[in-house]
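In: Pasting the sequence and the predicted coordinates here, then a few questions.
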Amino acid sequence: MDKSLQNTLSLGSKTTNPPNLTSKTDAAQSLEKAFALFVEESKKLEQQQTELQAKINLLSSELTASNQRISALIKAMPAGAVLLENQIVKEFNHAATQFFPYLKADQLFAIPPHWEPSITPGEYLIQSPGVSQNNQTVQVIQIEEGFRTIIQIQDITQNILSHQKSQQESRLTAMGKMSANIAHQFRTPLATALLYSSHLCDLELDDTNKKEFAQRLRKQLLGLEMLSKEMLYFVSNRPKQMRLVRMDELLLEADQAIRPLCDAKDVQLQAVLQTKNLRINAEKFALVNAFIAILENALKVSSQGQIIQITTVADKHLCKIQIQDQGPGIPEDLLDSLFEPFLSGHSTGTGLGLAIAKNVIEAHRGSIHADNTPTGARFTITLPCINEL
C-alpha cells in the first residue's frame, strides 16, 4: 500500500474513533448512576412498605381486638341489639332473641303483630295470654346511619311499674295531707242531708214540703256520691282500656261536650286544631274528661262575650295543646298549688277537677302547666303522640 494512503487512513482513524468511545463511556456512567439511584430509591420504598405493612398489621390487630371487645360487650348487654342493612337483619346479640325468638340473619325485620303500641311512641305492650301480671312493656329505639339501622330493645316493665307506684304514692300522700279538707267536704253536705231527712220524719209535714225536702235530700246525696267517685278516681286513676285514637277526635269530643254550656253563657269557643295526622294511645273517656275539666274551669272565669280558644301544635312525637281564656287570670298565690286536690276558687267546685285532669295527663306520660298571659289564664298540655306521616 502507498505510504501516503496509509498515513491518510491512520489519520482518519485517529480523528473519528475517540469521540464515539467517549460518548459511550459517558452514557454508561449516566446509566450506572441512574441505576444506582433507582436501587437506592427502591430500597427506601421497600423499607417504607415494610414499615407501613407493620403499621397496617398493628392497626388490624387492634381493630380485631376492639371488635372482639365490642362484640363481647354487645353480647353481654341485657338490652337486645339488632343491626339492619336496608331493613335486613345482619347481626344481633343473644338478648335480642329473648324478644324475637325466631330472629334470623338475612331476613326482613318487623315488629311482631301481637305487640300493642303503648302510650309513648317506641314503646310496646307484650301481653301474656291469660296472665296479666306477666305483661311486658318494651322500648324500641332505632338509630339510622345511612342504609344501616341499629335497633335497641329494652324491657322497661319495672320502670313503668315504679313510675305508676310513685304516682299512686304521691296521690295517697296528697290525700293524707288533705284529710281535714276531705272531712270538711263530706261534713257540710252530710249534715244538710241529715237535716232534710229529719224533716221527712216529721209527721205533721204536708206532702208538698215532704216532696221538696226529698228532692233536696236527693240532691245532697248525689253530690256526696259524685264527690266520693271523684276521690276514688283521684286515688286509683290509671289508664286501663288503651287504644289508638286521633288527637283531633278527643279534642272535638270535649269541644262538643262543653260548647252548649258556652252558648248558654254567651261565651265563644274557638278550636284551631293542627293535629290531623297525630294519634295517641289513650283511654279515651279519661282523657276527654280531663280536657272537659280544664275547659269547665276556663268557662267558670269567663264573662259574656269573651272567648275560650283551643289551639294545638303538632310535632313528630309530641302534641302541644293550649287552652286560653280571657278571664281575670290565676292569682299568683295559687299558681304553684293550682293542681292540688280540694283547692277550688269556686264555691260550687269540689277542687278535684284539675287535680284529676293532671293525674290523667301524667298517667298518659304527659304534662300540664298553667300560667297567666296579658289576656287571661293559659293551660298548656303536652302529650306523646304518633305521627302518621
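Out: Here it is on my side, so go on.
In: now the helices: where do they sit in this protein?
Out: For the chain, helices defined by DSSP state H occupy the ranges 3-76, 94-99, 157-177, 179-200, 207-236, 247-264, 284-300, 353-363.
In: These into a markdown table, with extra columns for mean neighbour count and distance to Gln309?
Out: Placement of C-beta: from N, CA and C, glycine included. Compiled in a markdown table, these are given as follows (neighbours: other Cβ atoms under 10 Å; distance: least, Cβ to Cβ, whole Å):
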| stretch | mean neighbour count | distance to Gln309 |
| --- | --- | --- |
| helix 3-76 | 10 | 51 |
| helix 94-99 | 17 | 45 |
| helix 157-177 | 13 | 30 |
| helix 179-200 | 14 | 32 |
| helix 207-236 | 14 | 27 |
| helix 247-264 | 17 | 11 |
| helix 284-300 | 21 | 9 |
| helix 353-363 | 23 | 18 |
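In: any chance of these in a markdown table, with distance to Gly327 too?
Out: Below are the helices of the chain laid out as a markdown table (distance: least, Cβ to Cβ, whole Å):
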| stretch | distance to Gly327 |
| --- | --- |
| helix 3-76 | 57 |
| helix 94-99 | 51 |
| helix 157-177 | 26 |
| helix 179-200 | 25 |
| helix 207-236 | 23 |
| helix 247-264 | 13 |
| helix 284-300 | 7 |
| helix 353-363 | 15 |
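In: Figure out which of those helices is closest to Thr120.
Out: For these, distance to Thr120 was read as Cβ to Cβ. The smallest value, 9.8 Å, belongs to helix 157-177.
In: Report the mean confidence score over that closest one.
Out: Across helix 157-177, pLDDT averages out at 74.
In: And that helix, what does it pack against?
Out: strand 136-145, helix 207-236, helix 353-363 (3 or more Cβ pairs under 8 Å, 6 or more residues apart in numbering; DSSP states H and E).
In: so how far is that helix from its chain's centroid?
Out: Averaging C-alpha coordinates over helix 157-177 and over its chain gives two centres that are 21 Å apart (Cα atoms, centre = their mean, to the nearest Å).
In: Can I get it in CSV? Just the C-alpha atoms.
Out: What follows is helix 157-177, C-alpha atoms only, in CSV (Å, rounded to 0.1, in the frame of the first residue of the first chain):
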residue,chain,number,x,y,z
THR,A,157,-91.7,-3.1,82.7
GLN,A,158,-90.2,-2.4,86.1
ASN,A,159,-89.6,1.2,85.3
ILE,A,160,-93.2,1.6,84.3
LEU,A,161,-94.4,-0.1,87.5
SER,A,162,-92.1,2.1,89.6
HIS,A,163,-93.5,5.2,87.9
GLN,A,164,-97.1,4.1,88.5
LYS,A,165,-96.3,3.2,92.1
SER,A,166,-94.7,6.6,92.6
GLN,A,167,-97.7,8.3,91.2
GLN,A,168,-100.1,6.4,93.4
GLU,A,169,-98.0,7.1,96.5
SER,A,170,-98.0,10.8,95.6
ARG,A,171,-101.8,10.8,95.3
LEU,A,172,-102.1,8.9,98.6
THR,A,173,-99.8,11.4,100.2
ALA,A,174,-101.8,14.2,98.9
MET,A,175,-105.0,12.6,100.2
GLY,A,176,-103.3,12.2,103.6
LYS,A,177,-102.4,15.9,103.7
